[in-house]
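just a sequence and a predicted model for now, questions to come.
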Amino acid sequence: MPMAPDQVRIYEIKRVDVEGAIVIDGFPSVGLVSSIVANYLIDTLEMEQIGIVESPAFPTVSLVRNGNPQHPVRIYAGRPPADRAGRGADKIVAFVSEFHPAPTIIHPLATAILDWVQEQRCSLLVSPEGLVVEAAPHAGHPGRAPRLNDVKVYGVASTRKARELYVEPNMIPFAEGVITGIAGVLLNEGRRRGFDVLTFLAEAQSDYPDARAAAKVIETINRILLRTPLDPVPLYAEAERIEQQLLSIQRHAADRGRGEATTPQSQPMYR
């Protein structure tokens, strides 16, 4: 049966127990912060693809990685290795895409994601986001983006419990402002349903992929959510290269969307 233009379906490729998992929203945001965070987790934890999200509103493209066609919206699952004491690590799920969803599909998409998250009994949904800031010149380096130690992370939660447990003790509460897109709908739906949704907003540049802001979010997630620590240092070290690769991915994806042939990347960083 054909799908309606604003309909969203989630197809599981592989059945995996994700009960209690932390779920990451990896749809593009300001500075591509959410996409970088999700992809960094997928690569670092060697997460496996467990599903796709389908809708007639998604771009009619196939992203090819290492010779394999990839759907525009994918779901991955995995976990860090157990620590030396043999204790189990956190289960992590990531929804990831290189495309900005069309405005008409944002609400049904966010609703479908949260429906799936609750059906799977996941524990928490995190939307990493960029918060637009202007690059402040540094002495001797006009126009350079803020240093890592200068990047601030703000937080907002859908429930009082999550706010008191995760946001208030660990970061600057985001008290006034507007959060748009997938993250905004997830926060509203989380509040309506009484489900814990967190949005971490890192100060980011809006005109290029800001891997430094994403690294700051990884550091925050690592510090307050994960029992098995992740190392954000490689993301700090590779920030410039990652920014350039994501810019290239988006340019090629835009060309494919217009039906133009493009030269494939020889060593893409992300799956």
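Everything's here; your move. Numbering: from 1, shown residues only.

now the strands for this structure?
Residue ranges of the strands in the chain, as given by DSSP state E, are 9-12, 22-26, 48-54, 63-65, 68-70, 73-78, 92-97, 124-132, 153-157, 172-173, 197-204.

using CSV, lay out the ones you listed together with distance to residue 36, mean neighbour count and mean pLDDT.
C-beta coordinates here come from the backbone N, C-alpha and C atoms, glycine included. Below are the strands of the chain laid out as CSV (distance: least, CB to CB, whole Å; neighbours: other CB atoms under 10 Å; pLDDT from 0 to 100):
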stretch, distance to residue 36, mean neighbour count, mean pLDDT
strand 9-12, 23, 12, 96
strand 22-26, 9, 26, 96
strand 48-54, 18, 18, 96
strand 63-65, 16, 16, 80
strand 68-70, 17, 12, 87
strand 73-78, 15, 23, 96
strand 92-97, 10, 26, 95
strand 124-132, 8, 25, 93
strand 153-157, 14, 21, 96
strand 172-173, 21, 12, 96
strand 197-204, 10, 27, 95
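
output those strands in JSON lines; the columns should cover distance to residue 105.
Conversion of the strands of the chain to JSON lines gives the following (distance: least, CB to CB, whole Å):
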{"stretch": "strand 9-12", "distance to residue 105": "12"}
{"stretch": "strand 22-26", "distance to residue 105": "15"}
{"stretch": "strand 48-54", "distance to residue 105": "10"}
{"stretch": "strand 63-65", "distance to residue 105": "18"}
{"stretch": "strand 68-70", "distance to residue 105": "19"}
{"stretch": "strand 73-78", "distance to residue 105": "10"}
{"stretch": "strand 92-97", "distance to residue 105": "11"}
{"stretch": "strand 124-132", "distance to residue 105": "17"}
{"stretch": "strand 153-157", "distance to residue 105": "23"}
{"stretch": "strand 172-173", "distance to residue 105": "30"}
{"stretch": "strand 197-204", "distance to residue 105": "19"}
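
out of these, nearest to residue 37?
With CB to CB, the closest approach to residue 37 among the strands of the chain belongs to strand 124-132: 4.3 Å.

any idea how far the closest one is from the middle of the chain?
7 Å (CA atoms, centre = their mean, to the nearest Å).

adjacent strands (with direction) for that strand?
strand 22-26 (parallel), strand 197-204 (parallel) (DSSP bridges).

ok so, going back, between the strands of the chain, which one is closest to residue 189.
Comparing those by CB to CB, strand 197-204 comes nearest, at 7.5 Å.

put the alpha carbons of the closest one into CSV.
Extracted in CSV, the C-alpha atoms of strand 197-204 (Å, rounded to 0.1, in the frame of the first residue of the first chain):
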residue,chain,number,x,y,z
VAL,A,197,14.3,14.0,26.3
LEU,A,198,17.5,16.1,26.7
THR,A,199,18.8,18.8,24.3
PHE,A,200,22.5,19.8,24.7
LEU,A,201,23.2,23.1,22.9
ALA,A,202,26.9,23.8,22.2
GLU,A,203,27.9,27.2,21.0
ALA,A,204,28.7,26.7,17.3
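
alright, calling it a day.
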